[in-house]
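Engineer: Output the structure for:
(2 chains)
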Amino acid sequence: MTAVQSRVSPDVLVKIFTTAAKIKMYDETYRATMRAGKIGGMYYSARGQEIIPSSFSAVLEPSDYVLTIYRGIHDQIAKGVPLNTLTAEFFGRATGSCKGKGGPMHVTDVASGLILTTGVVGSGLPIGVGVALSAKMRKSGQVAIVNFGDGASNIGAFHEALNMAALWELPVVFVCQNNQYAEYTKYSLGMSVDQISKRGAAYTMRSIHVDGNDPEAMYEAAKTAVDAARAGEGPTLIEAMTYRFYGHVMGDMMKYMPDDELEAARAADPVLKLRADLIAAGTLTDEQVTQIEAGLRTEIDEAFEYAMSSPLPDASDATTDVYAEGIAL
Amino acid sequence: MTAQSEVIDPEVKSERILTQIQAINEALDIALGLDETVFELGEDIQDPGGGGFGVHKGLSTKYGLDRVRPTPITEQAIMGAAIGAAITGMRPIPEIMLMNFMAVCQDQLINHAAKLRYMSGGQTHVPVTVRTTTGAGGGFGAQHSDMLEGPLVHTPGLKVVIPSTPADAKGLLLTSIFDDDPVVFIEMHHLYFSISGHVPEGDYRIPLGKARLAREGSDVTLISWGRQVHDCMAVADTLAADGINAEVLDLRSLVPLDTEAMLASVAKTRRVVIVHEAVRRNGFGAELAATINEELFGQLAAPVRRVAAANTPVPYSAPLEAAYMPSKADIEATVRGLF
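Structural biologist: Numbering: from 1, shown residues only, chains lettered A, B, ... in the order given. Below is the predicted model of the structure:
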């Protein structure tokens, strides 16, 4: 067996790189904007985890569903939530995806299939089961991707959801983005198994343990799971190993994360590695990469400009969208 | 069962007499027949049993196990699956076997079902009707008997319905199922077989937020919902013998609330007793009392009174449980105390 040839087509790798670079640059811009004092609130950086949703985005159809969590900016961008309205939502503007009522932890964008962002650990899994059940009952061929972290795999909802999805053979992929920390605690301190993917065996579920920072392996895992779901072969649990570069939430001093571990992870930045690999393999020239990044720069700057210049919601809108019709509150 | 049942007349004339459980079964049957996106999911709901009380009898046989879908004992997944299906085009009817078990899935209900329309800026909505049953008086003890409507009405985004008669159970359930918001539909199992009534045929619907004037009176208003409406009616009969004409208002839905009907009745009678089976402290009666005081303070002839359960868990042994429950004697004594 020789390993000279890439297992994934160059076109796919370029797609993955373009999405990952977009997430990376967006994240850097967001943090810089916060540091400059132009925007407050909470921000859960997903730097370091870009390859996972970028690989999925090379597999999914626009009509497929993605569910994510409070650390969801990478999943939202990868599913194609328009940057203008996404950024406006983060900024609490009337033009935001959710009119400024949801915020970063509660982004929904139905048009792009980003159907749910939850701020409660583990809660998305049962809802993802329902999304997949709906797709199956409507015979729509859609697949549901449920993203969550390593910490979520200890909560009861995870187990109830896996059991039900396996029992009903639903078109759902459970994607555990194992960034190695459940809030401020190393994941291994909170579980009796060494790999979360092993928990799939309890539900006789197809389970994959993969390096989530390796685009080829990650793409193959995503494709295997999504193809199986679409073919009616039921759910998959993927544990994608990764690392978060900036702790739990913006402002986290990360004292609980060993310096050498953090430095090693940042030195192996998966987006920069893919960029270098594509150039080294001759898939893209330096000039082409620069061109891609310039295009992304323009798109991101426009989004921040759009959000910043958008109006804040009118106070009268605080009482709408509670119920279908205007019943007395 | 119908032999010992009390027969209640609805506003709509019909010759058929059904128990409440038959009326609910009929509403589910009609909804499943009307709309392909309607489906049920819950524990033990399949035939031959058709649920712990037989509410679903015949439905899985008629519509199949896809649409009358039995689940494991897994409340978070039941509620979550219903929500996920609802935000993507379905109209699920999850059953939480007993109301106390809703505590197991409050995250799904309160953090998600109630809030998704709002948090998404109206992009998604959650047309689920969560059916559940409960009620004290049956010797089921503290974890199978609670009336927990209080925390639900305290959660913006949810609608809360509690029927008292078979006709209302059918008409309100059909409306709830085709409502575009999450509705918690609370059935009191004491009423499943003890109460019968005329029930209109076909797709019969009663709007939410419209109270039922169960009895007209001039001297005092008894406001209640669910089982205690019947207690209020019995007490009203007793009081009438002494010349006290009590009006009985059945709220039917707590959210939306028919504030107008409530205030109109109390403005007329100038005396009010609110009766509910949930524990007294912070029960929905407190909210109603506050509203009445805010709106009608100067017009009242007596303070607003509440009759409710004791502030304890539901006891098991019969004399303890009886002491816990709001009784007809409590209602009667409270009303007489206003004059």
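Engineer: residues in contact with A:V143?
Structural biologist: A:L60, A:E61, A:D64, A:Y65, A:A132, A:A135, A:P171, A:V172, A:V173, A:V226, A:A229, A:R230 (C-beta atoms under 8 Å, 6 or more residues apart in numbering or on different chains). For every residue, glycine as well, the C-beta is placed using N, CA and C.
Engineer: Narrow those to those in helices?
Structural biologist: Among the contacts of A:V143, DSSP state H puts A:A132, A:A135, A:V226, A:A229, A:R230 in helices.
Engineer: any chance of the residues you listed in TSV, plus neighbour count?
Structural biologist: Below are the ones in helices among the contacts of A:V143 laid out as TSV (neighbours: other C-beta atoms under 10 Å in any protein chain shown):
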residue	neighbour count
A:A132	32
A:A135	27
A:V226	20
A:A229	28
A:R230	16
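Engineer: From those residues, list the ones also adjacent to chain B.
Structural biologist: Counting by C-beta under 8 Å from any C-beta of the partner chain, A:A132, A:A135 from the ones in helices among the contacts of A:V143 sit close to chain B.
Engineer: With pLDDT and distance to A:R266 added, can I get the contacts of A:V143 in TSV?
Structural biologist: Output for those, formatted as TSV (pLDDT from 0 to 100; distance: C-beta to C-beta, whole Å):
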residue	pLDDT	distance to A:R266
A:L60	98	29
A:E61	98	34
A:D64	98	32
A:Y65	98	32
A:A132	98	36
A:A135	98	39
A:P171	98	36
A:V172	98	33
A:V173	99	28
A:V226	98	30
A:A229	98	34
A:R230	98	36
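Engineer: What's the first helix or strand after the helix or strand containing B:L222?
Structural biologist: Assessed by DSSP states H and E, B:L222 sits inside strand B:220-224. Counting by DSSP H and E, the element after strand B:220-224 in chain order, helix or strand, is helix B:227-241.
Engineer: between the following helix or strand past that following helix and strand B:220-224, how big is the angle?
Structural biologist: Where DSSP H and E defines the elements, the next helix or strand beyond helix B:227-241 is strand B:246-250. Interaxial angle, strand B:246-250 versus strand B:220-224 (axes from the mean of the first three to the mean of the last three C-alpha atoms, to 10 degrees): 20 degrees.
Engineer: what lines up beside strand B:246-250 in the sheet?
Structural biologist: Here strand B:246-250 has these sheet partners by DSSP bridges: strand B:212-215 (antiparallel), strand B:220-224 (parallel).
Engineer: Follow the chain on from it and name the next helix or strand.
Structural biologist: Past strand B:246-250, the next helix or strand by DSSP H and E is strand B:253-255.
Engineer: which other helices and strands contact that following strand?
Structural biologist: helix B:149-153, strand B:159-161 (3 or more C-beta pairs under 8 Å, 6 or more residues apart in numbering or on different chains; DSSP states H and E).
Engineer: any idea how far the following helix or strand past that strand is from the chain center?
Structural biologist: As assigned by DSSP H and E, the chain's next helix or strand after strand B:253-255 is helix B:259-269. Offset of helix B:259-269 from its chain centre (C-alpha atoms, centre = their mean, to the nearest Å): 21 Å.
Engineer: cool, and stretch B:252-269?
Structural biologist: With C-alpha atoms, centre = their mean, you get 16 Å for stretch B:252-269.
Engineer: between the helices and strands packed on strand B:253-255, which gets nearest to chain A?
Structural biologist: strand B:159-161 (7.4 Å; C-beta to the nearest C-beta).
Engineer: That closest one vs chain A: in contact?
Structural biologist: Yes: Strand B:159-161 reaches chain A (C-beta under 8 Å from any C-beta) through B:K159.
Engineer: Can you list the strands that that strand pairs with?
Structural biologist: strand B:183-188 (parallel), strand B:253-255 (antiparallel).
Engineer: tell me the mean pLDDT for the helix or strand following the longest one?
Structural biologist: Of the helices and strands lying after strand B:183-188 in sequence (DSSP H and E), the nearest is helix B:190-194. Per-residue pLDDT values over helix B:190-194 give a mean of 95.
Engineer: Which other helices and strands does the helix or strand that helix B:190-194 is followed by contact?
Structural biologist: Remark: after helix B:190-194, the chain's next helix or strand is strand B:195-198, criterion DSSP H and E. Other helices and strands packing on strand B:195-198, by 3+ C-beta pairs under 8 Å, 6+ apart, are strand B:6-8, strand B:17-19, helix B:20-34, helix B:166-177.
Engineer: mean confidence for the third one?
Structural biologist: In this model, helix B:20-34 has an average pLDDT of 98.
Engineer: Just the CA coordinates for that helix, please, in PDB.
Structural biologist: What follows is helix B:20-34 as a C-alpha-only set of coordinates in PDB (Å, rounded to 0.1, in the frame of the first residue of the first chain):
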ATOM      1  CA  GLN B  20     -64.300  12.000  28.400                       C
ATOM      2  CA  ILE B  21     -61.900   9.300  27.400                       C
ATOM      3  CA  GLN B  22     -64.100   8.400  24.400                       C
ATOM      4  CA  ALA B  23     -64.300  12.100  23.400                       C
ATOM      5  CA  ILE B  24     -60.500  12.400  23.500                       C
ATOM      6  CA  ASN B  25     -60.000   9.200  21.500                       C
ATOM      7  CA  GLU B  26     -62.400  10.600  18.900                       C
ATOM      8  CA  ALA B  27     -60.600  13.900  18.700                       C
ATOM      9  CA  LEU B  28     -57.300  12.000  18.100                       C
ATOM     10  CA  ASP B  29     -58.900   9.800  15.500                       C
ATOM     11  CA  ILE B  30     -60.300  12.800  13.700                       C
ATOM     12  CA  ALA B  31     -57.000  14.700  13.800                       C
ATOM     13  CA  LEU B  32     -55.000  11.700  12.500                       C
ATOM     14  CA  GLY B  33     -57.600  11.300   9.700                       C
ATOM     15  CA  LEU B  34     -57.600  15.000   8.700                       C
END
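Engineer: That one: which residues count as buried?
Structural biologist: Buried residues in helix B:20-34, defined by neighbour count with 16 or more other C-beta atoms under 10 Å in any protein chain shown: B:20-32.
Engineer: the inter-axis angle of it versus strand B:183-188?
Structural biologist: Going by the same axes, to 10 degrees, helix B:20-34 makes 150 degrees with strand B:183-188.
Engineer: tell me which strands and helices helix B:20-34 is in contact with?
Structural biologist: Helices and strands touching helix B:20-34, by 3+ C-beta pairs under 8 Å, 6+ apart, are strand B:38-43, helix B:59-63, helix B:166-177, helix B:190-194, strand B:195-198.
Engineer: all strands of the stretch 1-150 of chain B, in order?
Structural biologist: Counting by DSSP state E, counting those that start in this stretch, one finds strands in the stretch 1-150 of chain B at the ranges B:6-8, B:17-19, B:38-43, B:68-71, B:91-98, B:129-134.
Engineer: separation between A:Y26 and chain B?
Structural biologist: Between A:Y26 and chain B the computed distance is 21 Å (C-beta to the nearest C-beta, to the nearest Å).
Engineer: Can you report how many residues neighbour B:P182?
Structural biologist: By the criterion of other C-beta atoms under 10 Å in any protein chain shown, B:P182 has 30 neighbours.
Engineer: my bad, should have said A:A268
Structural biologist: Quick note: A:A268 (other C-beta under 10 Å) scores 12 neighbours.
Engineer: So it sits against A:N213, correct?
Structural biologist: Yes: taking C-beta atoms under 8 Å as the definition, A:A268 is a contact partner of A:N213 at 7.2 Å.
Engineer: Show me which residues of stretch A:262-275 are buried.
Structural biologist: A:L262, A:A265, A:D269, A:P270, A:V271, A:L274, A:R275.
Engineer: hmm, back to that, with respect to burial, which of the helices and strands packed on helix B:20-34 scores highest?
Structural biologist: Compared across the helices and strands packed on helix B:20-34, helix B:166-177 shows the largest average neighbour count, a mean of 27 (mean count of other C-beta atoms under 10 Å in any protein chain shown).
Engineer: just how off-centre is that one within its chain?
Structural biologist: With C-alpha atoms, centre = their mean, you get 10 Å for helix B:166-177.
Engineer: winner for burial among the helices and strands packed on strand B:253-255?
Structural biologist: With neighbours taken as mean count of other C-beta under 10 Å, these reach their highest mean count in strand B:159-161, at a mean of 27.
Engineer: Appreciated, that's everything.
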